[in-house]
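[1] Any chance you could fold what I've pasted below:
(one chain, ligands or ions: 2)
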Amino acid sequence: MTASSSHIGRTGVLVLAAGKGTRMHSDKPKVLQTMLEEPMLHYVLAATAELAGKDETWTVIGHGADMVRAAMGDGRTQFIEQKEQLGTGHALATAWPALKAAGVSHVLVVNGDTPRISGGVLQGFVDKSIAFGADLAFITLTPPDAGAFGRVLRKNGRVTAIIEAKDYDEARFGPCPREINAGIYCIRAAVLDALLPRLGNANKSGEFYITDLVELAVADKLTVLGAEAGDDMNLLGVNTPGELAAAEEAERERIVADWLAAGVLIHNAGQVRISPRAILEPGAELAGPLEIYGSSVIRAGARVDSHTRMTDSSVDSGAIVRSFCHLEGAVIGPDCVAGPFSRMRPGAVLEEGAHVGSFVEMKKSRLRKGAKANHLAYIGDADIGERVNIGAGVITCNYDGKNKHATVIGNDAFIGSNVSLVAPVSVGAGALVGAGSVITKNVAEKTLALGRARQTELPLRKK
Ligand code: UD1
Ligand code: CA
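    Ligands and ions are numbered 1, 2, ... in the order given. Okay, the predicted model is just below:
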């Protein structure tokens with residue numbers, strides 16, 4: 001909670017996120033469309049979290065409700081299901097009993113498809129609405145292109161109605177205004193019981209519009225405020241792939257600029273994409289094109305080169321991730337080197353000073369301190385001891401068609417090139433496994449293991 005939120009302590013936040021998002025041409029609910037790999041709804045809930053805790057935050061879901069629940073978890077908001085999506089007004093009416101029971105004094109309604117909204121802007125708007133004594137307030141914008149957004153009608157400067165673009169009839173309402181509705185409302189709870197039952201659906205979409213509350217409130221002589229936010233493009237709703245791409249690019253630029261300002265070195269910054277959830281330290285060095293997603297962490301003094309994509313992975317101080325690596329749930333310890341062209345899957349851990357090189361794939365495996373696998377290897381379900389050398393072409397055969405099995409290699413062992421380790425199997429500390437061996441039985445410490453046909457030479461027959 002922000003310091004200034006105490007006086008609006010009983011403001012409930014309602015996020016509308018039940019719609020399908022037809023214009024995205026996707027089976028995914030629109031609020032799960034992503035920017036920098038995080039759903040749009042993540043951004044909206046991150047902003048509302050600055051004003052209200054989970055107990056005061058509700059999200060209306062409907063289309064793909066289970067997917068939304070699963071993607072967002074239940075730590076940030078309470079969910080309310082709108083079984084049939086009959087419009088934004090119907091969404092508010094569906095949620096209203098829960099907010100009323102919670103005893104909120106005001107309802108801040110935010111469309112779930114407005115991902116660039118910030119907590120500061122929402123807080124400022126709520127403060128302004130309450131100071132104005134508004135029964136119903138909403139944010140308006142005057143963008144260069146008013147598109148398909150709802151148009152704000154005013155008479156002598158005072159708001160009289162919001163008319164959806166598709167319902168706008170110039171013969172009836174006069175020239176189409178450029179001022180639009182941003183889809184963010186602050187409504188005094190006390191007026192909702194009187195207004196909500198009067199919403200109708202006699203419009204082009206046959207939907208119950210939240211925006212019709214404006215005309216109803218004006219008819220009741222309530223205090224209505226259209227809070228002008230000018231051309232702040234951050235408040236524009238996202239409805240189409242083009243709008244999503246524009247919002248994502250703006251967010252990307254903002255995040256990169258913030259990390260530059262914090263002291264992260266970023267080369268080719270125009271092609272670096274960083275998740276809003278990632279954590280970087282001043283003194284980390286990055287080169288684009290580069291993608292850093294999820295809860296990735298890059299420590300001071302670490303370097304990540306171009307063409308790498310990492311998700312939920314960490315790179316510790318002094319480590320270098322060379323170009324073209326693909327990291328997913330991986331841990332790159334201090335002073336390690338990965339890549340170029342390494343694939344680190346979930347549970348891959350490099351301890352201090354370990355190296356993985358080109359075309360090495362690791363999964364659920366650990367290279368302990370100083371261990372190396374520099375070329376062409378598959379290391380799965382394996383625990384590789386300190387200073388072990390894994391030769392080119394080594395494969396842990398961890399899967400028998402049904403189950404996965406472990407490979408354990410003791411400290412200072414040396415695994416020659418093109419060795420197949422048929423798990424479950426272990427190689428003792430200090431052991432040497434000859435090149436080309438297929439190892440099916442455990443190898444004792446400090447022994448030389450060979451599991452291959454001996455070389456023979458036969459005379460060639462003369463023709
Ligand atoms: C809405 C506004 C429009 C405004 C624009 C700003 C209405 C009628 N119009 O239009 O004035 O300019 O936002 O971006 O409100 N939703 C539900 N349940 C429903 C329908 C929608 O939860 O039954 C949710 C959607 O998931 C979405 C939000 O409400 O997050 C807005 O719905 P959408 O259909 O995108 O409204 P717009 O046509 O963009
Ligand atoms: Ca919309």
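[2] Residue numbers of this protein in contact with ligand 1?
    16-19, 30, 60, 62, 82, 85-88, 90-91, 111-113, 149-150, 162, 164, 180-183, 209-211, 237, 239 (Cβ under 6 Å from any ligand atom). Using the backbone N, CA and C atoms, a C-beta is placed for each residue, glycine as well.
[3] Which of these fall in helices?
    88, 90, 91 (DSSP state H).
[4] Test my guess that the first one contacts residue 16.
    Yes - Residue 88 is within contact range of residue 16, at 5.8 Å (criterion: Cβ atoms under 8 Å).
[5] Mind giving me the PyMOL select for the residues of the chain next to ligand 1, buried ones only?
    What follows is the PyMOL syntax for the buried subset of those, where burial is set by 16 or more other Cβ atoms under 10 Å:
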select buried, resi 16+17+18+19+30+60+62+82+85+86+87+88+90+91+111+112+113+149+150+162+164+180+181+182+183+209+210+211+237+239
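[6] thinking again about what came up before, can you check which residues contact both of residue 88 and residue 16?
    When Cβ atoms under 8 Å, 6 or more residues apart in numbering defines a contact, the residues bordering residue 88 and residue 16 alike are 111, 210.
[7] Identify each of the strands in the stretch 51-200 of the chain and give its residue range.
    Using DSSP state E, counting those that start in this stretch, the strands assigned to the stretch 51-200 of the chain run over residues 57-61, 78-81, 106-111, 136-141, 151-155, 158-163, 180-188.
[8] With distance to ligand 2 and mean pLDDT added, can I get those in JSON lines?
    As requested, those are arranged in JSON lines below (distance: least, Cβ to the ion, whole Å; pLDDT from 0 to 100):
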{"stretch": "strand 57-61", "distance to ligand 2": "14", "mean pLDDT": "98"}
{"stretch": "strand 78-81", "distance to ligand 2": "19", "mean pLDDT": "98"}
{"stretch": "strand 106-111", "distance to ligand 2": "6", "mean pLDDT": "98"}
{"stretch": "strand 136-141", "distance to ligand 2": "13", "mean pLDDT": "98"}
{"stretch": "strand 151-155", "distance to ligand 2": "14", "mean pLDDT": "97"}
{"stretch": "strand 158-163", "distance to ligand 2": "13", "mean pLDDT": "98"}
{"stretch": "strand 180-188", "distance to ligand 2": "6", "mean pLDDT": "98"}
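[9] Residue 249: which of these is closest?
    Of all the strands of the stretch 51-200 of the chain, strand 136-141 sits nearest to residue 249, with 19.1 Å by Cβ to Cβ.
[10] which sections of the protein are below the confidence cut-off?
    Under the criterion of pLDDT under 70, the regions of the chain flagged as low confidence span 1-9.
[11] hey, which helix is longest across it?
    helix 241-262.
[12] List of residues touching that helix?
    Identification of contacts with helix 241-262 by Cβ under 8 Å, 6+ apart yields 24-25, 33, 35-36, 40, 43, 115-116, 233-234, 236-238, 266, 269, 272-276, 280, 282.
[13] can you check stretch 90-101 too?
    In this structure, residues lying in contact with stretch 90-101 by Cβ under 8 Å, 6+ apart are 12, 14, 16, 18, 58, 60, 62, 78, 80, 82, 84-85, 107, 109, 189, 192-193, 196, 199, 207-208, 210.
[14] show me the contacts for residue 396.
    Contacts for residue 396 were tallied using Cβ under 8 Å, 6+ apart; they are 365, 378, 379, 380, 381, 382, 407, 421, 423.
[15] same thing but at 7 Å, please
    Shown in contact with residue 396 (Cβ atoms under 7 Å, 6 or more residues apart in numbering): 378, 379, 380, 381, 382, 407, 421, 423.
[16] try residue 309
    In this structure, residue 309 makes contact with 291, 326, judged by Cβ under 7 Å, 6+ apart.
[17] Show me the beta-bridge partners of the spatially most central residue of the chain.
    When the chain is reduced to its mean C-alpha position, the nearest residue by Cα atoms, centre = their mean turns out to be residue 38, at 1.8 Å. Each beta-bridge partner of residue 38 is listed here: residue 35, as defined by DSSP bridges.
[18] Next, work out how far apart it and residue 31 are.
    11 Å (Cβ to Cβ, to the nearest Å).
[19] now do residue 132
    Residue 132 sits 30 Å away from residue 31 when distances are taken as Cβ to Cβ.
[20] between the two, which one's more packed in?
    When residue 132 and residue 31 are compared on other Cβ atoms under 10 Å, the one with more neighbours turns out to be residue 31, at 31 against 14.
[21] so who does that one touch?
    17, 39, 40, 41, 68, 112, 113.
[22] so which of the residues you listed also contact ligand 2?
    With respect to ligand 2, and counting by Cβ under 5 Å from the ion, the subset of the contacts of residue 31 in contact is residue 113.
[23] Return the member of the contacts of residue 31 nearest to ligand 2.
    For ligand 2, the nearest member of the contacts of residue 31 is residue 113. The distance, counting by Cβ to the ion, is 4.5 Å.
[24] looking at it, the closest one is touching residue 30, isn't it?
    Yes - in this structure residue 113 lies within contact range of residue 30 using Cβ atoms under 7 Å: 5.8 Å.
[25] in the stretch 151-300 of the chain, what residue is nearest ligand 1?
    Here the residue of the stretch 151-300 of the chain nearest ligand 1 is residue 237; by Cβ to the nearest ligand atom that distance is 2.4 Å.
[26] Tell me how far that residue lies from residue 350.
    Distance check for residue 237 against residue 350: by Cβ to Cβ, it reads 44 Å.
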